[in-house]
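Below: sequence and its predicted model.
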Amino acid sequence: MDFLTLKGIQHTYFTVSSATTALKDISLEVKEGEFVSFLGPSGCGKTTLLSIIAGLIQPTNGKVLLENKPVNRAENDIGYMLQQDYLFPWKTIEENILLGLKINRSLDDHKREQTLSLLRQMGLQNVEADYPKQLSGGMRQRVALVRTLATEPKLLMLDEPFSALDFQTKLKLEDLVSNTLKRFNKTAILVTHDIGEAIAMSDRIILFSASPGTIHKSFPVPSELKKRPPFAARNHPLFNDLFNLIWKELESLEPE
Ligand SMILES: Nc1ncnc2c1ncn2[C@@H]1O[C@H](COP(=O)(O)OP(=O)(O)OP(=O)(O)O)[C@@H](O)[C@H]1O
């Protein structure tokens, strides 16, 4: 059974004077535990598609199924990691990571210990009582990931989560996030403009073309790369081959 299914998605934004078709004929199946990246030129509808998958906007046509059930409204089963960490500055790190569980009314001693343990596994020791401003950007993104995983979402949407970080921190976080999601067998969709990041982290890369956004091509990541953690995958010759292939395709899609 496919975990996430998109069937014939089309979306048109209507204003008083215009209609913009952001997405057309999007059909896609994602398996449980699969990591899929969306790449494409600016304006090809990646953000619109994430919002549709999350149930935040209803497509003009087509449907989204999560475990065979239609997604018709904002889903609790979907977790987010965004470019900004959106931690509450007036709450401690512990309060921030337990907030989702509190809101869901599922916070108990076991869940609290499990979440604090995940924080430590992320290499964050003795920060529970700190406030977000006391942490670096990379640390805050790790806290954001713990907060997202705490409520055990079925599907994770990663919308350019590393784009505000310096290169070294970004590479380290790619490894950490990838290992963590594999360990919990989480299904994830990453939106990125970074071809290297997409190859290093994904099982499959979907390349979109724009105006309207459609699926141009799909690139499975070779198993030789998948056997390695993201950083090590970057040193494999097949990494460069795939990078060049996607780069050429992407260039052909960019407006002159
Ligand atoms: N609220 C809206 N009203 C009208 N048009 C919109 C709206 N949101 C997006 N669009 C249009 O839909 C198309 C897809 O936009 P979207 O933001 O989904 O693309 P994107 O791939 O995420 O872009 P980027 O990579 O630049 O973030 C664009 O032409 C955009 O101008």
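That came through, no problem.

For the least confident helix or strand in the chain by mean pLDDT, list the C-alpha coordinates in PDB.
Taking mean pLDDT, DSSP states H and E as the measure, the helices and strands of the chain show their lowest mean at strand 78-82, namely a mean of 85. Taking only C-alpha atoms (Å, rounded to 0.1, in the frame of the first residue of the first chain), the coordinates of strand 78-82 have been written out as PDB:
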ATOM      1  CA  ILE A  78       1.900  15.800   9.600                       C
ATOM      2  CA  GLY A  79       4.900  17.500  11.200                       C
ATOM      3  CA  TYR A  80       6.900  20.400   9.800                       C
ATOM      4  CA  MET A  81      10.500  21.600   9.900                       C
ATOM      5  CA  LEU A  82      10.900  25.000   8.300                       C
END
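
what ranges do the strands span in the stretch 1-150 of the chain?
4-14, 19-30, 35-39, 61-66, 69-70, 78-82 (DSSP state E, counting those that start in this stretch).

any residues touching the fifth one, and which ones?
Spelled out, that is strand 69-70. Strand 69-70 is touched from outside by 63-64, with contacts defined as CB atoms under 8 Å, 6 or more residues apart in numbering. No exception for glycine: its C-beta is placed from N, CA and C like everyone else's.

Report whether stretch 249-256 contacts the ligand.
No: looking at stretch 249-256 against the ligand by CB under 6 Å from any ligand atom, there are no contacts, and the closest approach is 11.7 Å.

Give me the distance from that stretch to the chain's centre.
Using CA atoms, centre = their mean, to the nearest Å, we find the averaged C-alpha position of stretch 249-256 to lie 24 Å away from the chain's own average C-alpha position.

list the buried ones in it?
In terms of neighbour count (16 or more other CB atoms under 10 Å), stretch 249-256 has its buried residues at 249-250, 253.

Tell me which residue of the stretch 51-200 of the chain lies closest to the ligand.
Of all residues in the stretch 51-200 of the chain, the one sitting closest to the ligand is His193 (6.7 Å; CB to the nearest ligand atom).

tell me the SS of that residue?
Under DSSP: H, G, I helix; E, B strand; the rest coil, His193 falls in the coil class.

Let me know whether Ser51 touches Val64 as I believe.
No: at 10.7 Å, Ser51 does not count as touching Val64 under the criterion of CB atoms under 8 Å.

more crowded one of these two?
It is Val64, of Ser51 and Val64, that has more neighbours when counted by other CB atoms under 10 Å, with 23 against 18.

from what I can see the more buried one touches Asp2, true?
No: at 11.7 Å, Val64 does not count as touching Asp2 under the criterion of CB under 8 Å.

can you pull out the helices in this structure?
46-53, 93-103, 109-121, 137-150, 167-183, 195-201, 223-226, 230-233, 237-253 (DSSP state H).

Of those, which is nearest Ile189?
The closest approach between Ile189 and any of the helices of the chain, judged by CB to CB, belongs to helix 46-53 at 7.1 Å.

what is the mean pLDDT for the closest one?
With pLDDT averaged residue by residue, helix 46-53 scores 91.

Give me the contact list for that helix.
For helix 46-53, the surrounding residues in contact (CB under 8 Å, 6+ apart) are 4, 6, 9, 11, 22-23, 26, 38, 40, 57-59, 64, 71, 78, 155, 157, 159, 189, 191, 208, 213.

Can you point out the buried residues in that helix?
Neighbour counts using 16+ other CB under 10 Å place 46, 48-53 of helix 46-53 among the buried residues.

got a markdown table for the residues you listed, with distance to Asn240 too?
As requested, the buried residues of helix 46-53 are exported to a markdown table (distance: CB to CB, whole Å):
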| residue | distance to Asn240 |
| --- | --- |
| Lys46 | 25 |
| Thr48 | 32 |
| Leu49 | 29 |
| Leu50 | 29 |
| Ser51 | 34 |
| Ile52 | 34 |
| Ile53 | 31 |
